[in-house]
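Novice: 3D model of this:
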Amino acid sequence: MGSREAFKEFEVLLDKSQRCFNRLRDLQPYGNTRWEHHFHKAFQIYSKLWRFQQEHREMLTSKGMERWEIGDIASKIGQLYYNYYLRAAEIRFLHESYVFYEAIRSRAYFAQAATDANLAIKQLRYFARFIIICLLLNRKEEVWQLLQEFQALISSYIMKYSPADAQEWRSVVQEVTNFLHADIAMPVPRSPGASVPFRYSLRASQQQAEVKVHPHKMLLHNVVLVSYYPRQVKIAELPLDSFRMLQALEWEDAYSSPREHGSLQRQSSSSSRSLVDKTKTALQNGTAEQGSKRQPENPAKHMVYRPTAMQLLAVLTTTMEVMPKESIMLLYLSASSTRSCELSKAVPYPSTSCLTNEIAPADQDAPQPDNMSDVSVPSMSALMVPNGAATSGEGVYLGPSKGSTDSNDSYLLPEDLVHLTRRSLFLVIDSDNSNSFMRLQGCEVGCHAFCLMSPSQRPYELSEASKAGNLLTMFLTAPLMAFCLAAGNPDPSIQQLLDLQTTLNCVMGEWAALLLRSFQQTSAGSSSSPQASGSIQQQQQQHQQQRSPWSVVFRDALLRRLTLRFLLC
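Specialist: Numbering: from 1, shown residues only. This next block holds a predicted model:
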C-alpha cells in the first residue's frame, strides 16, 4: 500500500470512528437495551484505527499526520473505556482508561499544544478527564501531581492567549483542589507524586467482616444518584457526595489494593495495541483478567445532575421496568429542601431515622427533556402528584435546570415515588427535609420500601457540607473520616487511623452476625409454631408476614454494609 492510499484509508477510518463516537454521545444513559451493541461497534472501529496507525506510522507521518492526532485517538479510546465503565459498572474498564490516559502523558502526545490554542484546549480537557479517572481509582498522590501540571498549563494558556474562558479553567483548578481537601483526616503526600502512607478505599472488600459474615446474594441491580447543593464540592457535573456513593456501591478488584498500583503502572508502558485486543476479549467473555477469582458483579449506576422532576422520574421508571423482578433499586438523593439551608447553631444532633413498612464534563449541555415513550401506562399514571404543585418545605430541590423555566419542575415530592414501590425500593435521603419522606409509609403499591434518612440539621461544630460533603453520606461511604470529624480530630496519626479501622471492622462484623442471627431466630420461631394450621400457602404467607423485611436486604452484602454503617450514625 502506497503512502497516498494509506493516508486516504486513515482519513476514512478517522471519520468513521468520529461519527461512531458522536452516536455514542447522543445515546440516553438509561433505558436503551442496544447500548452494548453500539459500544462493541465503537471498540471495533477504534481497534482497527489504532492498529492501522501503528502499522503505517512512518508513511502517515510523512504525509502530515501529527503526534497530537495519535494522542487524540488514544484520548477517545480512554473516553470509550470510561463511558463503558459508567454503563457496565466494571472497574477493569476504568483501569484500561487510565492506561491510555497515562500513555498520552508519558509519551507527550500533546507537546505541540504550547504553540496552538486549539490544541491547548484539547490538552486541558484531557487533563481534567485524567484527573477524574485517577480520583475514581483512588490514585490521590498522582492527582496532586497532575493538579500541579494542570495549573501550570492553565497559567501558560492564559498568559499566551488571554482567552475568554480563563476564569472557567481557574474554577476547574479550584474544584479539584476543594475535592482533594474534602477528605478530612486522610493523609496527603508530602510532595506531588510522593507515596501516601495510609490508603483508604471507599469500595467494598470481600475481606471486610460484615461482608464475610454471610454469603453475598446480589439483589441490588440498579442505583440512581442525584446530588445538588449550592456551592457544593464538585468537579464539573460530578458532586462529591455522588462520587463517594458511586464507589461505596462497588467491589474492589485486583488492582484496587496499594500493592497492585505498581503493576498497573508497568502495564501502561506496554503496547497499547494489546489493550484493544484485551478489551475485545473481555467484552466477549465478560471475565476480568486481573485475577483468577471472579469478582462480585457491581450494580449498574446512573448519575443524574440537576434534572427536572419529570426527567428524574423518567430515569427511575425506565430503569425499573428492565430490572429483574426480585431485585432492588436504590435511589440516592442528596439535596436541600425548598426552604433556606442554613446551619443551625447550638442545636443537638437528632437521631437518624429509618422506616420500613410492608412495604459529564463541564462543557456538555444540560440533559434535554426525556422521551417518555418507553414508560408504561400504569407508571405514567403514577407520575401525577395528587396534591398539586410543590410548595415550600414539601420536597427536595434538584437544582436549577436549563430544560425547564418552571421552578416547580425542580422539586421532587415523596408522593412522586409511590409508583416505584411496585418493585423493592431502597432510599437514601441526605437532606434537611428528609423527614417528609416518612409520608411514603403506608402508601406503597405492593413491594417493600426501605429508607435511610439523615437528620434535618447538621451540628455547627462539624464543618459545613459545602466543604466536606454531607455527614450521613460520609458515614455511609467513609466512616473512618466521619468518626474523625465527629471526634474533632481532623489530623490523626497513621497509628490512630489503623486502630480505628480495626475497631470499626470488628464492630461491623459483630453487629452483622447479631442481626443475621436475630433474623434467623425470628424465621425459625414462626415456622416451628405448634399452632400453625391451614394450607401450606397460608403458612407461607404467615411466615412471610412475620419475617423482618430487613432479612432480605441483608442478603446483599452492599446493602448490608450500607445499613450497618447507618446504625453507627
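
Novice: From what I see, residue 229 and residue 335 are in contact.
Specialist: Yes - assessed by C-beta atoms under 8 Å, residue 229 is found in contact with residue 335 at 6.7 Å. C-beta here means a position set from N, CA and C on the backbone, and glycine is covered the same way.

Novice: out of the two, which sits in the more crowded spot?
Specialist: residue 335 (27 against 22; other C-beta atoms under 10 Å).

Novice: Now that one. Nearest residue, chain neighbours left out?
Specialist: In space, and not counting its chain neighbours, residue 335 is closest to residue 396: 4.2 Å by C-beta to C-beta, 6 or more residues apart in numbering.

Novice: and the nearest residue to residue 35 once chain neighbours are set aside, how many neighbours?
Specialist: Nearest in space to residue 35, with sequence neighbours left out and distances taken as C-beta to C-beta, 6+ apart, is residue 27 at 5.7 Å. Around residue 27 sit 15 other residues, with neighbours defined as other C-beta under 10 Å.

Novice: Next one: residue 27 from residue 135, what distance?
Specialist: 25 Å (C-beta to C-beta, to the nearest Å).

Novice: follow-up on the earlier one: pLDDT score for the residue nearest to residue 35?
Specialist: Residue 27 carries a pLDDT value of 80.

Novice: Please report the distance of it from residue 213.
Specialist: Residue 27 is 40 Å from residue 213, by C-beta to C-beta.

Novice: repeat for residue 150
Specialist: With distances taken as C-beta to C-beta, residue 150 is found 43 Å from residue 213.

Novice: ok, those two, which is more surrounded?
Specialist: residue 150 (22 against 19).

Novice: Once you drop chain neighbours, what's closest to the more buried one?
Specialist: Leaving aside its sequence neighbours, residue 150 sits nearest to residue 127 (C-beta to C-beta, 6+ apart; 4.6 Å).

Novice: Let's see the helix or strand harbouring the one you found as PDB, backbone CA atoms only.
Specialist: Using DSSP states H and E, residue 127 maps to helix 117-136. Extracted in PDB, the C-alpha atoms of helix 117-136 (Å, rounded to 0.1, in the frame of the first residue of the first chain):
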ATOM      1  CA  ALA A 117      -4.600  27.500  21.200                       C
ATOM      2  CA  ASN A 118      -7.000  24.700  20.000                       C
ATOM      3  CA  LEU A 119      -4.500  22.000  20.900                       C
ATOM      4  CA  ALA A 120      -4.000  23.700  24.300                       C
ATOM      5  CA  ILE A 121      -7.800  23.400  24.900                       C
ATOM      6  CA  LYS A 122      -7.700  19.700  23.900                       C
ATOM      7  CA  GLN A 123      -4.800  19.100  26.300                       C
ATOM      8  CA  LEU A 124      -6.600  20.900  29.200                       C
ATOM      9  CA  ARG A 125      -9.700  18.800  28.700                       C
ATOM     10  CA  TYR A 126      -7.600  15.700  28.600                       C
ATOM     11  CA  PHE A 127      -6.000  16.600  31.900                       C
ATOM     12  CA  ALA A 128      -9.400  17.300  33.500                       C
ATOM     13  CA  ARG A 129     -10.700  13.900  32.400                       C
ATOM     14  CA  PHE A 130      -7.500  12.100  33.500                       C
ATOM     15  CA  ILE A 131      -7.800  13.700  37.000                       C
ATOM     16  CA  ILE A 132     -11.300  12.300  37.300                       C
ATOM     17  CA  ILE A 133     -10.100   8.800  36.300                       C
ATOM     18  CA  CYS A 134      -7.300   8.900  38.900                       C
ATOM     19  CA  LEU A 135      -9.800  10.100  41.600                       C
ATOM     20  CA  LEU A 136     -12.100   7.200  40.800                       C
END
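
Novice: Tell me the predicted confidence for the residue nearest to residue 335.
Specialist: Looking at residue 396, the pLDDT reads 90.

Novice: So it is in contact with residue 337, correct?
Specialist: Yes - assessed by C-beta under 8 Å, residue 396 is found in contact with residue 337 at 6.0 Å.

Novice: Many thanks, have a good one.
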